[in-house]
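Peer 1: Structure for this input, please:
(one chain, ligands or ions: 2)
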Amino acid sequence: MATFGEAELPLVLVHRPPNFHFPFKHRLQTHFRLLDPLDSDPPESTHSFFSRHSASIRTSAAAGTLLSPTLGRHFPPDVADLAVALLIDVLRRVSAGFRYVRAGLWARNGGFPLGFKLGGKRVGIVGLGNIGTEIAKRLESFGCVISYNSRKKKPSVPFPWYKNVYDLAVNSDVLVVCCALTEETRHMISKDVMTALGKEGVIINVGRGALIDEKELVQLLVRGELRGVGLDVFESEPDVPQELFSLDNVVLSPHCAVATPECFDALEELITVNLKAFFSNKPLQSLVPEMLSRRYEVGTMEPASVLDHVYPKGPAMDGGQIASRDPRQDSYWSKI
Ligand SMILES: NC(=O)C1=CN([C@@H]2O[C@H](COP(=O)(O)OP(=O)(O)OC[C@H]3O[C@@H](n4cnc5c(N)ncnc54)[C@H](O)[C@@H]3O)[C@@H](O)[C@H]2O)C=CC1
Ligand SMILES: O=CC(=O)O
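Peer 2: Residues are numbered from 1 along each chain as shown. Ligands and ions are numbered 1, 2, ... in the order given. You can find the predicted model right below:
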């Protein structure tokens, strides 16, 4: 069995969802020695890798666990920009107009069907967290009327709150979906909710695909029972329902709302700073609630049980992040 104890660089065990491809891995490798169970052949779960190499990891100099919010403060503006871009595209038919021009239909057939105004639309935000707040800020400045649904009314927020997403849909022209995916929120945008939004309704989803009942969404679109949708996320990424490809009122992007080089640079910087602070016993730049940010000293706990301790119910892998089930938090993730 390999031993990791003699590595000169601090040893970091990477715990990531399979579909997160860690764009800055090479740069982090100049500071840390990364052990990524998913790079094993065949790929392994973090738990089994941890157990298998437990003895070596325990004798390495820096046994401990670091969990800290990483993207949190960097990505919401980028995700919000894409959500607004999708909404403007659906309403003003930007991509559809491009296809029309490119196919030579403008010259052949003349005028293109009118798009719809953004200003004045009643936008219901599903999940007014970091991203939802950025979206609200942007859309308010376009003259939209904002309201939201979340588990609880947020006392400092001026927008009307709807206790359930159905009532939010009844009172909205647009639903922007950006809440965390949990057992509770899976398929929260159900057929009933979409029907309540109505034939002139638009849905934008930058949260997670499974927040929407995708089969029902496709059926409603095929039957012309929604004005349009803009989707960055899908239930079985990267598989996208084929029916969507031929619909002109559908705008699709490949789960890239967060993916700007600026965001990844900031993320890499934050991860590096946090890991360096961790290895030199200094305070982290970004902290998670106490329960998740403990340091486990060598020998005080079996490494495998550290993960069980941090995720008492097991990590909720939702397709792009590790979401905590801790009810005190809205969502939590760590890319490392
Ligand atoms: N498309 C992309 O590239 C990205 C997508 N995301 C997704 O966006 C989600 C939201 O991110 P943030 O705003 O930063 O998270 P956040 O934790 O700040 O906000 C989540 C919001 O969801 C709400 N929420 C949770 N459970 C709910 C429920 N049962 N009903 C109604 N609302 C509920 C919470 O009240 C909270 O306001 C993430 O969980 C992630 O899935 C995040 C980053 C990038
Ligand atoms: O969807 C991306 C994420 O960081 O979450």
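
Peer 1: What is the neighbour count of residue 240?
Peer 2: 17 (other C-beta atoms under 10 Å). All C-beta spots, glycine's among them, are computed from the backbone N, C-alpha and C.

Peer 1: wait, what's in contact with it?
Peer 2: With contact set as C-beta atoms under 8 Å, 6 or more residues apart in numbering, residue 240 has these partners: 234, 252.

Peer 1: how near is it to ligand 1?
Peer 2: The spacing between residue 240 and ligand 1, counted by C-beta to the nearest ligand atom, to the nearest Å, is 14 Å.

Peer 1: And that residue, what's its pLDDT?
Peer 2: pLDDT, residue 240: 98.

Peer 1: May I have the phi/psi pair for it?
Peer 2: Dihedral pair for residue 240: phi -120, psi 130, per degrees, to the nearest 10.

Peer 1: got the buried residues for stretch 120-138?
Peer 2: Neighbour-count burial for stretch 120-138, with 16 or more other C-beta atoms under 10 Å as criterion, is recorded at 121, 123-136, 138.

Peer 1: hang on, I meant stretch 179-190
Peer 2: For stretch 179-190, by 16+ other C-beta under 10 Å, it's 179-182, 185, 187-190.

Peer 1: Report the two of the buried residues of stretch 120-138 separated the most.
Peer 2: Maximum pairwise distance in those, criterion C-beta to C-beta, is 22.4 Å, between 121 and 130.

Peer 1: Show me the residue of the stretch 151-300 of the chain that gets nearest to ligand 2, please.
Peer 2: Of all residues in the stretch 151-300 of the chain, the one sitting closest to ligand 2 is residue 258 (4.8 Å; C-beta to the nearest ligand atom).

Peer 1: Give the burial count for that residue, as a bare number.
Peer 2: Neighbour count for residue 258, taken as other C-beta under 10 Å: 19.

Peer 1: Surely it and residue 75 touch.
Peer 2: Yes - between residue 258 and residue 75 there is a contact at 4.5 Å, judged by C-beta atoms under 8 Å.

Peer 1: Those residues of the stretch 201-336 of the chain touching ligand 1, which are they?
Peer 2: 206-208, 232-233, 255, 257-258, 330-331 (C-beta under 6 Å from any ligand atom).

Peer 1: which helices and strands sit right next to the helix or strand harbouring residue 26?
Peer 2: Per DSSP states H and E, residue 26 falls inside helix 25-28. Other helices and strands packing on helix 25-28, by 3 or more C-beta pairs under 8 Å, 6 or more residues apart in numbering; DSSP states H and E, are helix 261-279.
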